[in-house]
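Q: pasting the sequence and the predicted coordinates here, then a few questions.
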Amino acid sequence: MKLARHPLLHFLLLGALLFAADRARAPQAPDPRSVDEVLLDEALARGYERTDPIARRRLQRNARFLHPDDPRDDEALLGEAWTLGLHRSDLVVRRRLIQKMRLLAWSRADADEPGEPELRAAFALRAARWREPARVRISHVYLSRDARGPDLERDARALGPLLEGRAPEAADGLGDPFLLGTQLPTLSEAELAARLGGDLAAAALAAPAGRWSGPARSAYGAHWIWVHERQPARDLAFEEARPALRAELRRRRRDEAVRTLVEELRG
């Protein structure tokens with residue numbers, strides 16, 4: 001009996017072919033590494049921990065810290081640092097190597113500047129994004145919550161009549177010292193909120209110009225507000241938005257370049 005005609009052999013060969021075809025079609029398991037881990041592994045594969053001067057100095061310093069009385073020179077200690085895997089465990093070195101890979105991806109993105117058609121298309125697509133917010137320039141007289149305690153509300157109300165007829169320049173001595181000063185530059189509501197809190201920023205945007213209004217509250221205490229000038233919100237023209245447009249498109253391109261590089265490395 002010839003083996004080539006044996007039905008059991010045919011069955012086994014067919015099973016092996018089907019198994020191999022099924023394995024070929026099966027999707028690969030997803031790469032469990034994070035983006036930073038992928039970039040770090042590639043940086044190490046390229047030997048950046050050995051060629052980058054900042055990484056080398058950091059590892060030399062770490063090795064010297066571990067062996068302060070070791071008579072060996074820095075190069076010998078550097079070799080031991082690599083052997084111990086300090087280039088993987090040191091946070092500063094890791095960040096440096098990952099950043100080198102990001103810079104490599106960014107260099108691809110920065111090779112071509114966004115052109116005029118791309119800038120104009122991005123501007124038209126999100127015209128509402130390029131809007132200058134309303135701004136206001138204020139002076140304020142401040143009463144400290146910490147210094148006045150339970151008397152804060154009473155003192156804040158009593159301050160109103162004392163401010164009548166006084167210009168902001170003549171009112172500085174009526175309140176408590178404030179770290180940021182009593183006269184602020186022209187700021188948007190968001191910028192004011194970052195300095196004085198959202199409630200006071202909203203009160204400043206709504207306050208009438210040219211007279212005292214208040215008292216308005218903040219996390220620090222109470223404030224009487226004088227609005228010097230107000231600039232209404234407005235839409236930016238294309239030329240005004242051009243620098244911010246270019247920066248945003250460059251950032252998007254850099255992000256996409258990093259994603260593309262990581263996908264290539266995962267593949």
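A: Arrived safely.
Q: beta partners of the residue nearest to residue 153 when sequence neighbours are not counted?
A: Once flanking residues are discounted, residue 153 sits nearest to residue 222: 7.4 Å by CB to CB, 6 or more residues apart in numbering. (C-beta placed from N, C-alpha, C; glycine too.) Beta-bridge partners for residue 222, by DSSP bridges, are residue 143, residue 217.
Q: go ahead and confirm residue 222 touches residue 147.
A: No - Residue 222 is beyond contact range of residue 147, at 11.3 Å (criterion: CB atoms under 8 Å).
Q: residue ranges for the helices of the stretch 151-267 of the chain, please.
A: Along the stretch 151-267 of the chain, counting by DSSP state H, counting those that start in this stretch, helices occupy 152-163, 189-196, 198-206, 238-266.
Q: now render the ones you listed as CSV, adding mean pLDDT and mean neighbour count.
A: CSV is the format used below for those (pLDDT from 0 to 100; neighbours: other CB atoms under 10 Å):
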stretch, mean pLDDT, mean neighbour count
helix 152-163, 92, 15
helix 189-196, 91, 17
helix 198-206, 91, 19
helix 238-266, 90, 15
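Q: could you export the ones you listed to TSV, including columns for distance to residue 93?
A: Shown next, in TSV, are those (distance: least, CB to CB, whole Å):
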stretch	distance to residue 93
helix 152-163	52
helix 189-196	35
helix 198-206	41
helix 238-266	19
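Q: to residue 39, which of those lies closest?
A: helix 238-266 (6.9 Å; CB to CB).
Q: for the protein, give me the ranges with low pLDDT.
A: For the chain, applying pLDDT under 70 flags the ranges 1-29, 128.
Q: so which residues of it form strands?
A: 131-132, 135-144, 187-188, 212-217, 221-231, 234-235 (DSSP state E).
Q: which of these sits closest to residue 61?
A: Comparing those by CB to CB, strand 187-188 comes nearest, at 43.7 Å.
Q: from the rest of the structure, what touches the closest one?
A: 133-137, 195 (CB atoms under 8 Å, 6 or more residues apart in numbering).
Q: distance to residue 72 and mean neighbour count added to the strands of the chain, as CSV?
A: As requested, the strands of the chain are exported to CSV (distance: least, CB to CB, whole Å; neighbours: other CB atoms under 10 Å):
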stretch, distance to residue 72, mean neighbour count
strand 131-132, 62, 13
strand 135-144, 60, 22
strand 187-188, 58, 18
strand 212-217, 65, 21
strand 221-231, 62, 20
strand 234-235, 66, 11
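Q: in CSV, list these along with distance to residue 179.
A: Listed next are these as CSV, based on distance: least, CB to CB, whole Å:
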stretch, distance to residue 179
strand 131-132, 28
strand 135-144, 10
strand 187-188, 16
strand 212-217, 17
strand 221-231, 12
strand 234-235, 32
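Q: closest to residue 243 out of those strands?
A: Among those, if distance is taken as CB to CB, the winner is strand 131-132, at 13.4 Å.
Q: and the contacts of that closest one?
A: 233-236.
Q: how about residue 54, what does it touch?
A: Residue 54 touches residue 96, counting by CB under 8 Å, 6+ apart.
Q: and what of residue 204?
A: Applying CB under 8 Å, 6+ apart, we find residue 204 in contact with 136, 138, 189, 192, 196, 216, 225, 227.
Q: specify which member of those is nearest to residue 152.
A: The closest of the contacts of residue 204, once distances to residue 152 are taken by CB to CB, is residue 216, at 12.7 Å.
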